[in-house]
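>>> can you look at this prediction? I've put the sequence above it.
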Protein chains: 4
Amino acid sequence: MTGHQRVRDDEGSAVRLLALSDGVFAIAMTLLALDIGLPVGLDPDGFEEALADVMPSVWAYALSFVVIAAFWRGHHQLFRYVEKVDGTVVKLGLLGLGLIALMPFPTTLLAEYGDLSSSVAVYSGAVAVMGVSQLALTIALWKRPWLAGAAPSERVRRNDMADLAATALVFAVAVPLAFVSPTGAKLWWAVLIPVKWVLGERGNRLRAAAGGDAGA
Amino acid sequence: MTGHQRVRDDEGSAVRLLALSDGVFAIAMTLLALDIGLPVGLDPDGFEEALADVMPSVWAYALSFVVIAAFWRGHHQLFRYVEKVDGTVVKLGLLGLGLIALMPFPTTLLAEYGDLSSSVAVYSGAVAVMGVSQLALTIALWKRPWLAGAAPSERVRRNDMADLAATALVFAVAVPLAFVSPTGAKLWWAVLIPVKWVLGERGNRLRAAAGGDAGA
Amino acid sequence: MTGHQRVRDDEGSAVRLLALSDGVFAIAMTLLALDIGLPVGLDPDGFEEALADVMPSVWAYALSFVVIAAFWRGHHQLFRYVEKVDGTVVKLGLLGLGLIALMPFPTTLLAEYGDLSSSVAVYSGAVAVMGVSQLALTIALWKRPWLAGAAPSERVRRNDMADLAATALVFAVAVPLAFVSPTGAKLWWAVLIPVKWVLGERGNRLRAAAGGDAGA
Amino acid sequence: MTGHQRVRDDEGSAVRLLALSDGVFAIAMTLLALDIGLPVGLDPDGFEEALADVMPSVWAYALSFVVIAAFWRGHHQLFRYVEKVDGTVVKLGLLGLGLIALMPFPTTLLAEYGDLSSSVAVYSGAVAVMGVSQLALTIALWKRPWLAGAAPSERVRRNDMADLAATALVFAVAVPLAFVSPTGAKLWWAVLIPVKWVLGERGNRLRAAAGGDAGA
């Protein structure tokens, strides 16, 4: 190793970073649902009313669960061939976990105050920042091929980065939009449904085509 | 791979989906018990009274723990020989986890308002949907033998599917029954005890018989 | 396999049961500490007072942490050579986890109402039942040597069982004792300190002596 | 093994201690954020005000997340080559987890009462004790080379110990300082930023230099 090369610090196997990540994802997913609850000691009529009022919490839970699950799936793909980590990957990985762990808060905002601009803006901003963080991790791993045992094809990688960039962009645009119209911003989120469907189908085809080459 | 074959997308090893699943199961199991508690600052008499009132929470906890533990045991059997996952298996697996993570809510309903029809109906519906979701995952894995290193015998598989279908059916029937009689619906759940006992014994025998063939 | 032999049902590798167990132990350990907290919005004097009042919660946390950590350590030893599980081991393992997950409740009782007989009795009873449950698991694994890759020496096993039996016995005796004197029952718990120290030292010696034979 | 040698008790593989540790770290990281929340049922003006008031909680979360993440990273480095554990390592490891699990409490103190001396002192003391605990674990592993498959270079080890000692020292000094000036103590914490940056860069260089020798 000559003096002009970048220092390749090496923090060992990726196994524990992935174990920690799966733990944080699992706990964030489960804590999201803790917000769903009823007051104690209602009479039957008050109970029925409160049960109906619980639906916004259920929707906010379902939305955030889908968001976190999609990030987990991307994280799973991203680390598929990664065998080792260095300091930068560990730091970016931990930053991403810190953002995932925050998600129960914007989810509660959306459940309780979903018609207010600030709630929708905070939620959108949180998801956009998560997308940027996962994109930065993707780029860091792309620039460190020596950490991986095999490489996904260039086209699979570009497709995954387009998916993350689209997520970050749509939610970032929703932040100012929320101050014009909270409902408009929430409808704008739905733009991601066809975008992610198309990119997902394309990713499946690319991965299937690569399946014969790269092995497990 | 010809153009007429289904695309076999491949998202790599099953290890992390199982780690995430075990995390969600473990957290849901533990959060169930968080509902059990007493108010602070009671005098000794009030304390004894409140301690006696805590028993419905303990029963609801025990019931939900048994339900989640039974689903975990089924999940463990289901993924026993599975080595790889594809997009469909990941999505169905995540959907199942989203339902498991919800369980603390119907458990609290049952503990606090267990004599009201809606509580019993919501609880029954949640368990029925979990059963349908795990059944869908079982069928998806059955149709993708290339994801597994070995196959359970056809008879073991059919027995496991019968177990899940019975669970889903009994709890689905309990939903309308709860509106006739909440207590009746809860007694009806007990139908599953002999059903699962018979199917469990049969599964043990089938698995023991297969043990000599399939190895690990 | 002849008709007279017991059916050896086989539910596969122990890996996931241990992952689930470590998850439940980790969550129970961490949730214990959630009880430690102060009300919001106190003035500086009220804050100092509330901070002093928090000490019983800290002691109850420390005690329950030590109890759960000791059970985890025993669980770790118990499954050291176990490679596979069957239905009975899975069921007993899950039962133990259900009891571990309950521990935050008696811990809160002890923190908030530690001078009342019922609190000390409930706490003692919970620990005694956990001890019995882990003892049952130890015996079940002892009777199923085919599930393990190697066996701990008979003397190590007897020492571990004596440790669990002593724990269960001391806490079981504390249940009626608590109704005579809650403080007396808590002092009685301290009997375990020398008992566990002697058995622990003996276990270390036995394991060290066996280390040359049984390998990793 | 002669009678004069220390008894080398052996509690088997490090795998489960690391799984339990990653679980506790992940849960503590995620529970930190649970403190961030708003009251239910505010009107739009009250909501904006409450949202602004939430910032101290967000900062306290970010700080504690960074602290716990740094301890996790040190723990990851520490156990990199460790393959087996003995009783002392298990006990010190569990003690460290008990302190990590406590962190949500001082974090809440800092968020709610960050201008009071006692809060800053409790927070500083908690982090200092965690540093001492991890340092003790580092020394215990250093004295037990037979537990590791390979050894980090002596210079890497000394660098890691300097990092932990600096953390413990800075936070220990902050405890009395907090009673002189809470703000001064919080500014004093920032001394760690350049210290940890220098030691971190040095550690990266040392590890990179060792990378060619010690392998994965």
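Perfect, I can see it now.
>>> would you state the helices of chain A in chain order?
A:15-31, A:44-53, A:55-78, A:87-102, A:104-113, A:117-142, A:154-180, A:182-189, A:192-214 (DSSP state H).
>>> pick out the residue nearest the middle of chain A.
Centroid-nearest residue in chain A: residue A:71, 2.9 Å away (criterion: CA atoms, centre = their mean).
>>> state the distance from the residue lying farthest from the centre of chain A to chain C.
Distance to the chain centre peaks in chain A at residue A:43, reaching 40.3 Å (criterion: CA atoms, centre = their mean). Residue A:43 sits 27 Å away from chain C, going by CB to the nearest CB, to the nearest Å. Glycine gets a C-beta too; all of them are placed from N, C-alpha and C.
>>> what sits against that residue?
By CB atoms under 8 Å, 6 or more residues apart in numbering or on different chains, the contact set of residue A:43 is empty.
>>> can you give me phi and psi for it?
phi -80, psi 170 (degrees, to the nearest 10).
>>> pLDDT at it, what is it?
Predicted confidence (pLDDT) for residue A:43: 90.
>>> then residue A:86?
In this model, residue A:86 is scored at 92, pLDDT.
>>> can you check residue A:3 too?
44.
>>> residues from chain A in reach of chain C?
residue A:23 (CB under 8 Å from any CB of the partner chain).
>>> sketch out the low-pLDDT regions of chain A for me.
Applying pLDDT under 70 to chain A flags residues A:1-7, A:211-216.
>>> I'd like the distance between whatever residue of it ends up closest to chain D and residue C:10.
Minimum separation of chain A from chain D (CB to the nearest CB) falls at residue A:23, amounting to 2.9 Å. In this view, residue A:23 and residue C:10 are 29 Å apart by CB to CB, to the nearest Å.
>>> so those two - more neighbours on which side?
A direct count of neighbours by other CB atoms under 10 Å in any protein chain shown for residue A:23 and residue C:10 places residue A:23 higher, at 29 against 22.
>>> ok, and the closest non-adjacent residue to the more buried one?
Leaving aside its chain neighbours, residue A:23 sits nearest to residue D:26 (2.9 Å; criterion: CB to CB, 6 or more residues apart in numbering or on different chains).
>>> contacts only, for the one you found.
A:20, A:23-24, A:26-27, A:97, C:26.
>>> these: which two are farthest apart?
A:97 and C:26 (15.7 Å; CB to CB).
>>> sorry, back to before: measure the residue of chain A closest to chain D to residue D:27 for me?
7 Å.
>>> count of neighbours near the closest residue to residue A:156 other than its chain neighbours?
Counting by CB to CB, 6+ apart, residue A:206 is the residue found nearest to residue A:156 once chain neighbours are left out, at 4.7 Å. As a burial measure, residue A:206 scores 20 neighbours (other CB under 10 Å).
>>> quick check: residue A:22 touching residue B:18?
No: Residue A:22 lies out of contact with residue B:18 (CB atoms under 8 Å); the separation is 9.3 Å.
>>> looking at the two, which has the bigger crowd around it?
In this view residue A:22 and residue B:18 are compared by other CB under 10 Å, and residue A:22 has more residues nearby, 27 against 20.
>>> contacts only, for the nearest residue to that one once chain neighbours are set aside.
Spatially, and ignoring its direct neighbours in sequence, residue A:22 is nearest to residue B:19 (4.3 Å; CB to CB, 6+ apart). Counting by CB under 8 Å, 6+ apart, residue B:19 makes contact with A:18-19, A:22, C:19.
>>> ok, and the closest non-adjacent residue to residue A:67?
Closest residue to residue A:67 apart from its sequence neighbours, by CB to CB, 6+ apart: residue A:127 at 5.9 Å.
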